[in-house]
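**Student:** sequence unavailable; structure follows:
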């Protein structure tokens, strides 16, 4: 079974600064997808960014980018120019490309953004 | 485009009582997921439907939980009888297809408190 580990229960960043959230995963599969989801207090899960394992290029979405290290099974999220609205729980998730297709989530990292 | 709808948003029941949650996915989405999110953890898949058939229910406690998706659209998740450990947020998600790269869209969730 695939496991997703987020080792940082909480992180703090000042507005306009950059923060990196860590995620590692364990799998024996070669083809899969990785995601970062944001969950604000409203509980609505919002997709931030996704990465296909077969792509070497790191995904970027505006201020959000990932550092995907397939050999190390690492998938970190970098948030640049942090904004107050970025404060939320962030979940790393794995999804098999072969079966099931349900998301396998980590425990999450709570991000606090200070003015 | 309307998002995934869930009701109720909150529910408080006593242990051994029964409860039901409703989910209406995005129109045209064939795949529907129910996740359980216990406080401080990431969501965990309970059951996945493809149209009105079950794809994966391996983590559904079948002695007390049941789910159906009649006509391949709306879905209902039931707990009977509820236990204290069932206190959690129940998230419904849908995707256009069950393929691994298909984005899952989440509803706002139902927060269940069992006393």
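**Tutor:** It's in. In this text, all values refer to a predicted model and were calculated from it rather than measured experimentally.
**Student:** what comes up buried for stretch A:83-98?
**Tutor:** Within stretch A:83-98, the residues that count as buried by 16 or more other CB atoms under 10 Å in any protein chain shown are A:86-97. No exception for glycine: its C-beta is placed from N, CA and C like everyone else's.
**Student:** filter those down to the ones in strands?
**Tutor:** Counting by DSSP state E, those place A:88-96 in strands.
**Student:** compute the first-to-last residue distance for stretch B:33-42.
**Tutor:** Stretch B:33-42 has an end-to-end distance of 15 Å (CA to CA, to the nearest Å).
**Student:** hmm, back to that, intersect the buried residues of stretch A:83-98 with the contacts of chain B.
**Tutor:** Residues of the buried residues of stretch A:83-98 in contact with chain B (CB under 8 Å from any CB of the partner chain): A:91, A:93, A:95-97.
**Student:** from the residues you listed, which is closest to chain B?
**Tutor:** Within these, proximity to chain B (CB to the nearest CB) peaks at residue A:97, which comes in at 4.1 Å.
**Student:** isn't that closest one right up against residue A:31?
**Tutor:** Yes: using CB atoms under 8 Å, residue A:97 is in contact with residue A:31, at 4.0 Å.
**Student:** need the residues touching each of these two.
**Tutor:** Counting by CB atoms under 8 Å, 6 or more residues apart in numbering or on different chains, the common neighbours of residue A:97 and residue A:31 are residue A:53.
**Student:** hey, what's residue 79 bridged with?
**Tutor:** Just going to use chain A. Note on residue A:79: beta-bridge partners residue A:19, residue A:64, judged by DSSP bridges.
**Student:** the intended chain is chain B.
**Tutor:** What pairs with residue B:79, by the bridge criterion (DSSP bridges), is residue B:19, residue B:65.
**Student:** closest point of chain B to chain A, which residue?
**Tutor:** residue B:42 (3.0 Å).
**Student:** tell me the pLDDT at that residue?
**Tutor:** On the pLDDT scale, residue B:42 is placed at 94.
**Student:** check contacts around residue A:20.
**Tutor:** A:67, A:76-79.
**Student:** and the furthest pair within those?
**Tutor:** Farthest apart among the contacts of residue A:20 by CB to CB are A:67 and A:79. That separation is 12.2 Å.
**Student:** near chain A, which residues of chain B are found?
**Tutor:** Checking chain B against chain A by CB under 8 Å from any CB, the hits are B:31, B:33, B:35, B:40-45, B:48, B:55-56, B:89, B:91, B:93, B:98-104, B:106-109, B:111.
**Student:** can I have the buried ones of these as a ChimeraX selection?
**Tutor:** Buried subset of these, written as a ChimeraX selection, criterion 16+ other CB under 10 Å:
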select /B:31,33,35,42,43,44,45,48,55,56,89,91,93,98,100,102,104,106,107,108,109,111
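**Student:** figure out how far the helix-or-strand element of chain B with minimal mean pLDDT is from the centre of its chain.
**Tutor:** The weakest-scoring helix or strand in chain B, judged by mean pLDDT, DSSP states H and E, is strand B:53-56 (a mean of 90). Remark: strand B:53-56 is offset 13 Å from the chain centroid, using CA atoms, centre = their mean, to the nearest Å.
**Student:** do a quick rundown of the strands in chain B.
**Tutor:** B:5-7, B:10-13, B:19-24, B:31-37, B:44-50, B:53-56, B:65-68, B:75-79, B:88-95, B:105-106, B:110-114.
**Student:** perfect, that will be all.
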